[in-house]
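Asks: curious how this folds, go ahead:
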Amino acid sequence: MLKDHTKCDEEIRLLNEIVVAITKGRTMEDLVDLIYGKLGDRVPHNRISVALLEPDGKTLVIVACRSDGKVFLPAGYRYPIAGSSLESIVLEGKTRIIPDLKEYLAKKPHSEPTELIVKEGMRSSLTLPLFIEGKPTGVMFFSSRETNTYHQEHVALLQYIASHLAIALEKAQMLDELQKLNELKTRFVERLQAEVAARTSELEGLKEKLLEENIYLKEELRTEKSFYDIVGNASPLKQVIAQVKKVAPTNATVLIRGETGTGKEMIARTLHKLSNRKDKVFVKVNCSALTETLIASELFGHEKGSFTGAIARKVGRFELANGGTIFLDEIGELPLEIQVKILRVLQEREFERVGGNQAIKVDVRIITATNRDLEKAIAEGKFRSDLFFRLNVFPIYLPPLRDRLEDIEDLTWYFVRKYSKKMNRNIEAVSKKTFDLFKRYPWPGNIRELENVIERGMILSEGPIFSVDPKYLMPSLTFEANRGSVSLSFNEAAKRHILEALKKAKGKIYGDGGAAHILQVKPTTLISKMKRLGIQQKKEYN
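Replies: Numbering: from 1, shown residues only. Got it, this is the predicted structure:
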């Protein structure tokens, strides 16, 4: 009796040691080694292995193996379970003891796993199923060089160990997923660091700009399939949404056209989110914001030493967008030599880095946008016709806000709620005078201008009723709108709008107090619009 108690105590200590090791999160190889070393006196064995079920539920793969001799059935070996005796072990949770492997093999001569362990010198085996939360996960094999080694008295002990091993497997799977996420994070950080390192010789302002532009990588997390950011029910907008729904699932090149501030980038992002590339990166490039000396490097990357300041290899935007979508905003601003390179990407799906001679293949969907008259630019020799036809496979035209006046109220409330939340305000109503004012105003800056006006109004207004003073809008346009005049064309109104801002800024465009700041638009956008309207930049406007 004393011997039985001693044996029981030793068994309990053994099990505790194994369970503690399992709970410490050691690798499967370490756990198999531990079990191999500790169970020698309790369960005879010359070989132990663990095999897991692959996601298809039809194949086992050995993940850890320990043997006292040469191994012919190693870690990494895969074999199907369909129609084999392993199928009942894995799926039904049955334990199997084979007293004599050679006799078993004589009955089932085509069992390759059995042939291999017999080749290793094994003569009997015990196989136990592994389950996680009631679902089959894999099996644990014990093999011996002697026949008739395993009996039912071994099963209870090994089942206890197998149940805890299954817990370790679940934890290992979770750790594996976490490791994959960390690897993705590491790759992202490495890319970001490479971008920053490549610009160390540039001004601090360019570094900040680079960091802001790289925010597009975080857009991979936003994959919801909806049009919740597109506000309005006007007929022209409904036509746009219908077009987006049709073309988004394809890989067709899309050209989005429309005035400044009509929401071209939002449409591009929606096209990406509704496509089969939604889980990949969306890369935005503002072509008008890049200098001619940097644009090739930005789009296609460069090799170390390819030009002054190229202290390291740089990955370009096309390479970064591989597998995803690249959005080239203001495509009409690209110089002709870059247009040729874009055409090559469209035709051959490849490019070369600046200073490099190796063709880089990419799989990327190209979406472009412009507020320029590309047909006129083609006639003037400023834009390639062959590139235009490649980009214009599926054109989408965004209507200006003045053609969507029935959406003014919905858009106003959308932005009022947005800035109410940001500013911790409680707005209960919008004044009728404000709605009337908004519906009469021509909105040369479109939705972007409306948002800016509302943000300013939220800062300056008080109380629960939101209102906007007419002086927030450009006086000349407000005056013409209040008169109900239709004699002033939109271009004339926009030109007057810009001239008044230039006069107020004394010709200054950039920085605080500049015309772009007054109009609340990007300086590059303002310069582009001035060119189209024939407005010359002067030092002073009297």
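
Asks: for this protein, which element, helix or strand, carries the lowest mean pLDDT?
Replies: Every helix and strand in the chain was compared by mean pLDDT, DSSP states H and E; the lowest is helix 204-213, with a mean of 42.

Asks: remind me which residues of this protein are low pLDDT?
Replies: 1-26, 40, 110, 168-177, 196-229, 474-493, 537-542 (pLDDT under 70).

Asks: what distance separates the longest helix along the chain from the centre of its chain?
Replies: Across the chain, the longest stretch assigned as helix under DSSP state H is helix 152-198. For helix 152-198, the distance from its own C-alpha centre to the chain's C-alpha centre is 22 Å (CA atoms, centre = their mean, to the nearest Å).

Asks: any idea what the closest residue to residue 359 other than its chain neighbours is bridged to?
Replies: Distances taken as CB to CB, 6 or more residues apart in numbering place residue 350 nearest to residue 359, at 4.6 Å, with adjacent residues excluded. To be clear about C-beta, it is placed using only N, CA and C from the backbone, and glycine gets the same treatment. On the basis of DSSP bridges, residue 350 is bridged to residue 361.

Asks: isn't residue 350 right up against residue 341?
Replies: No. With contact defined as CB atoms under 8 Å, residue 350 does not reach residue 341; the gap is 10.4 Å.

Asks: when those two are compared, which one has more neighbours?
Replies: A direct count of neighbours by other CB atoms under 10 Å for residue 350 and residue 341 places residue 341 higher, at 17 against 13.

Asks: what residues sit buried inside the host helix or strand of that one?
Replies: Residue 341 is part of helix 336-348, with elements assigned from DSSP states H and E. Buried positions in helix 336-348, judged by neighbour count with 16 or more other CB atoms under 10 Å: 338-339, 341-343, 345-346.

Asks: ok, stretch 362-381 next?
Replies: 362, 364-372, 374, 377-378.

Asks: over to stretch 232-242?
Replies: Neighbour-count burial for stretch 232-242 [16+ other CB under 10 Å]: 232, 234, 237, 240.

Asks: contacts only, for the residue nearest to residue 359.
Replies: The neighbourhood of residue 350, defined by CB atoms under 8 Å, 6 or more residues apart in numbering, consists of 344, 359-362.

Asks: ok, of these, which one's closest to residue 296?
Replies: Set against residue 296, the nearest of these by CB to CB is residue 344 (12.4 Å).

Asks: find the nearest non-adjacent residue to that closest one, please.
Replies: Per CB to CB, 6+ apart, closest to residue 344 is residue 351, 6.3 Å.

Asks: equivalent analysis for residue 519, please.
Replies: residue 501 (5.1 Å).

Asks: same check on residue 114?
Replies: residue 105 (5.2 Å).

Asks: check for me that that neighbour belongs to a strand.
Replies: No. Using DSSP: H, G, I helix; E, B strand; the rest coil, the secondary structure at residue 105 is helix, not a strand.

Asks: 24 is where my numbering starts, stick with that
Replies: Right, with 24 as the first residue, what we last looked at is residue 128.

Asks: separation between it and residue 373?
Replies: 54 Å (CB to CB, to the nearest Å).

Asks: which residues of the stretch 374-523 of the chain fall in helices?
Replies: 397-402, 408-414, 431-446, 455-463, 469-483, 498-506, 513-528 (DSSP state H, counting those that start in this stretch).

Asks: name the next helix or strand downstream of the last one, please.
Replies: The one in question is helix 513-528. helix 538-542.

Asks: could you list every helix and strand that the next helix or strand after that following helix packs against?
Replies: Later in the chain than helix 538-542, the nearest helix or strand by DSSP H and E is helix 546-556. Contacts defined by 3 or more CB pairs under 8 Å, 6 or more residues apart in numbering; DSSP states H and E place helix 546-556 against helix 513-528, helix 538-542.

Asks: convert the C-alpha atoms of the first one to PDB, please.
Replies: So that's helix 513-528. C-alpha atoms of helix 513-528 as PDB (Å, rounded to 0.1, in the frame of the first residue of the first chain):
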ATOM      1  CA  PHE A 513     -19.500  81.200 -62.100                       C
ATOM      2  CA  ASN A 514     -16.000  81.700 -63.500                       C
ATOM      3  CA  GLU A 515     -16.500  85.500 -63.300                       C
ATOM      4  CA  ALA A 516     -17.800  85.100 -59.700                       C
ATOM      5  CA  ALA A 517     -14.800  82.900 -58.800                       C
ATOM      6  CA  LYS A 518     -12.400  85.300 -60.400                       C
ATOM      7  CA  ARG A 519     -13.800  88.200 -58.500                       C
ATOM      8  CA  HIS A 520     -13.700  86.100 -55.300                       C
ATOM      9  CA  ILE A 521     -10.000  85.400 -55.700                       C
ATOM     10  CA  LEU A 522      -9.100  89.000 -56.800                       C
ATOM     11  CA  GLU A 523     -10.700  90.400 -53.600                       C
ATOM     12  CA  ALA A 524      -8.700  87.900 -51.500                       C
ATOM     13  CA  LEU A 525      -5.500  88.900 -53.300                       C
ATOM     14  CA  LYS A 526      -6.300  92.500 -52.800                       C
ATOM     15  CA  LYS A 527      -6.800  92.000 -49.100                       C
ATOM     16  CA  ALA A 528      -3.600  90.000 -48.900                       C
END
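
Asks: the inter-axis angle of that helix versus helix 546-556?
Replies: 130 degrees (axes from the mean of the first three to the mean of the last three CA atoms, to 10 degrees).

Asks: any buried residues in helix 513-528, and which?
Replies: Buried residues in helix 513-528, counted by 16+ other CB under 10 Å: 516-525, 528.

Asks: max pairwise distance over these: which two?
Replies: Taking CB to CB, no two of those sit farther apart than 516 and 528, at 18.9 Å.

Asks: was I right to think residue 277 contacts residue 390?
Replies: Yes. Contact between residue 277 and residue 390 holds when scored by CB under 8 Å: they sit 4.8 Å apart.

Asks: please consider this matter closed, and thank you.
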